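J.: I would like to see how this sequence folds:
(one chain, ligands or ions: 2)
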Amino acid sequence: MPAPPHSAPGPTNPKPRLPGVRHIIAVGSGKGGVGKSTVAVNLAIALHQSGLRAGLLDADIYGPSIPIMMGLRGKRPELRDESTMLPIEQYGIKTISMGFMLGETDAVVWRGPMLGKALQQFIEDVAWDDLDVLVIDLPPGTGDVQLSLTQLVPVTGAVVVTTPQDVSMADVRRAVRMFEMTRIPILGVVENMAYFHCADNGKDYYVFGKGRTEEACRQMGVPLLARMPLDEAVGPAADRGEPIVIADPDGDQSRRYKDLAKAVISAATDLGRAAESAQAGLGTFFKGPAKG
Ligand SMILES: Nc1ncnc2c1ncn2[C@@H]1O[C@H](COP(=O)(O)OP(=O)(O)O)[C@@H](O)[C@H]1O
Ligand SMILES: [Mg+2]
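T.: Ligands and ions are numbered 1, 2, ... in the order given. Reported below is the predicted structural model:
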């Protein structure tokens, strides 16, 4: 039986697709300050550098940091028409942030239905046009915003960012559980600030503990996609609006982000292979046909 037109998304109806967007990768974390936005930004650019048309949606409405990190501070998106915003392109990435609409010190105090409505509008009224992949920087934690967001759009898979401390392990488990409950496949975990590599003596220092993330991933049955070291260049680069993969394209972090992009594409392709018909080949699943 054909589905009735305009039926609401629900367990039996697929979620409405975002027009023009092939895949959505949600970047989440159990708590703030672990480097979720840093990973989202650099992953989006690394995906673009690997040949994909990539976009970035800053959905961290409580602490939108993408405008600063992408060098788009104070910018406002142009309107295509009354109800459609054009994302701002930077470093090849089509970018939208609630931060473009708010002042840097404005606090968002929306709750409940109002929040859901604002988010929905914010997501649906953007002219993404033609993207292979949209990376979403989710707010930290496992609350209402994350849940409504994951209900609003069909997420291909989630990347969960954590740091190696015990407290983060408890949070990363909660985040993984949230995605499982909302039936969003987990592509894997990124361990950020995993260790500090001392260039002077060549030693690695495990400032926040060693091996815990790997063990937690094993227990949860999710892959550990990448381990990013603490790097003194990352913070200053972000603050001046140049993500590290742009500021230091041949450096160690950039290499790791390239590998992370590959791992994300490969994990998403595996999911797609399972879901799509047997004819869908590896290359054709992730990357859309060339435009025009
Ligand atoms: N691997 C890293 N090495 C050094 N500093 C980092 C690293 N990852 C993130 N940071 C810094 O840590 C701070 C928090 O990162 P951010 O991405 O804003 O976290 P979140 O989005 O989870 O709150 C920022 O100042 C960022 O530049
Ligand atoms: Mg953030």
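J.: tell me the SS of residue 269?
T.: Recorded secondary structure, residue 269: helix (DSSP: H, G, I helix; E, B strand; the rest coil).
J.: backbone dihedrals for the residue of the stretch 151-292 of the chain found nearest ligand 2, both of them.
T.: Proximity of the stretch 151-292 of the chain to ligand 2 (Cβ to the ion) peaks at residue 161, 9.5 Å away. Any C-beta I mention is one placed from the backbone N, CA and C, and that applies to glycine too. Residue 161 adopts backbone torsions of phi -100, psi 140, taken as degrees, to the nearest 10.
J.: mind listing the strands for the chain?
T.: For the chain, the strands defined by DSSP state E occupy 21-29, 54-58, 79-81, 84-85, 88-90, 93-97, 131-137, 157-162, 186-197, 204-205, 224-230.
J.: can you list those strands in JSON lines and add distance to residue 212?
T.: What follows is the strands of the chain, written out as JSON lines (distance: least, Cβ to Cβ, whole Å):
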{"stretch": "strand 21-29", "distance to residue 212": "16"}
{"stretch": "strand 54-58", "distance to residue 212": "29"}
{"stretch": "strand 79-81", "distance to residue 212": "47"}
{"stretch": "strand 84-85", "distance to residue 212": "41"}
{"stretch": "strand 88-90", "distance to residue 212": "35"}
{"stretch": "strand 93-97", "distance to residue 212": "32"}
{"stretch": "strand 131-137", "distance to residue 212": "24"}
{"stretch": "strand 157-162", "distance to residue 212": "9"}
{"stretch": "strand 186-197", "distance to residue 212": "9"}
{"stretch": "strand 204-205", "distance to residue 212": "15"}
{"stretch": "strand 224-230", "distance to residue 212": "11"}
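J.: columns mean pLDDT on top of these, output as TSV?
T.: Listed next are the strands of the chain as TSV, based on pLDDT from 0 to 100:
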stretch	mean pLDDT
strand 21-29	94
strand 54-58	96
strand 79-81	90
strand 84-85	90
strand 88-90	98
strand 93-97	96
strand 131-137	95
strand 157-162	96
strand 186-197	96
strand 204-205	95
strand 224-230	96
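J.: and the residue of the stretch 151-292 of the chain closest to ligand 2, bridged to which residues?
T.: residue 29, residue 190 (DSSP bridges).
J.: isn't it up against residue 35?
T.: Yes - if you go by Cβ atoms under 8 Å, residue 161 and residue 35 touch, sitting 5.8 Å apart.
J.: more neighbours: which of these two?
T.: More neighbours surround residue 161 than the other of residue 161 and residue 35, with 31 against 23 (other Cβ atoms under 10 Å).
J.: for residue 71, which non-adjacent residue is closest in space?
T.: Using Cβ to Cβ, 6 or more residues apart in numbering and skipping the chain neighbours, the partner closest in space to residue 71 is residue 241 (2.7 Å).
J.: how close does residue 146 sit to ligand 1?
T.: Using Cβ to the nearest ligand atom, to the nearest Å, one obtains 13 Å as the distance from residue 146 to ligand 1.
J.: sorry, slip of the keys, the one I care about is residue 63.
T.: Relative to ligand 1, and taking Cβ to the nearest ligand atom, residue 63 is found at 7 Å.
J.: how many other residues sit next to that residue?
T.: 17.
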